[in-house]
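Peer 1: task: produce atomic coordinates for the following.
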Amino acid sequence: MKDDALIDANIIDVLKRIESVSDNKARVYLLTPPEYYCPTKKASLGNYVTFYRLSEACSTAGYGVTQQAAKALIHINTPLRWEADCGGMFNLLYGLEILSLIPPAITDGDTDKEGSGLEQQRAVRAVERAAIRCRLKRQEKGYPFRRARRVLRKKFQKELSYEVE
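Peer 2: I've put the predicted structure just below:
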């Protein structure tokens, strides 16, 4: 969990509901607000706990991972190539299902990133990290086709904006 995360009071209930899912799917459950989501593709875990499918996921402050997804991530990312919050790449290149909780259980308490030690460390190597990710993408079989498909799919997704109170 990030050092600037704000945690909602219902987090324990949300985590218990994720833990109770027994469908054996490789899923990553983001507990943070997405930038875009697909309103027609959702997984309801009861009451107010509804996750929506994403094609892009980054800057994740908190998430839950099923055992199947954990195994897939180990296989995909050994040796280490992708950052943990490159969920979009895990979805795009490897088909890992990424879902986001709306409304979120965790929000970013430092939206301008000025107080985050993690963001300060990342900023120093931002250009280098982007070049590495670009090179890795080009090495993946079928990347151009998958990228074009994602661009088309994004036209059917809904944009969200959350304000931290």
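
Peer 1: give me the mean pLDDT for stretch 24-38.
Peer 2: Stretch 24-38 carries an average pLDDT of 86.

Peer 1: ok, and for it, which residues are buried?
Peer 2: Along stretch 24-38, these residues count as buried under the neighbour rule (16 or more other Cβ atoms under 10 Å): 26-34, 36-38. (Glycine included, C-beta is placed from N, CA and C.)

Peer 1: mind giving me TSV with those and columns for secondary structure?
Peer 2: Below are the buried residues of stretch 24-38 laid out as TSV (DSSP: H, G, I helix; E, B strand; the rest coil):
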residue	secondary structure
26	coil
27	strand
28	strand
29	strand
30	strand
31	coil
32	coil
33	coil
34	coil
36	strand
37	strand
38	strand
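
Peer 1: max pairwise distance over the residues you listed: which two?
Peer 2: Greatest spacing in those, by Cβ to Cβ: 26 and 33 (22.5 Å).

Peer 1: so which other helices or strands are in contact with the helix of greatest length in the chain?
Peer 2: Longest helix of the chain, by residue count under DSSP state H: helix 126-139. For helix 126-139, the packing partners by 3 or more Cβ pairs under 8 Å, 6 or more residues apart in numbering; DSSP states H and E come out as helix 87-94.

Peer 1: and the contacts of the helix it packs on?
Peer 2: Applying Cβ atoms under 8 Å, 6 or more residues apart in numbering, the contact partners of helix 87-94 are 28, 30, 54-58, 60, 72-73, 76, 82, 96-98, 133, 136-137, 140, 143, 146-147, 150.

Peer 1: pLDDT weak spots in this protein?
Peer 2: 1-3, 55, 57-59, 109-119, 158-165 (pLDDT under 70).
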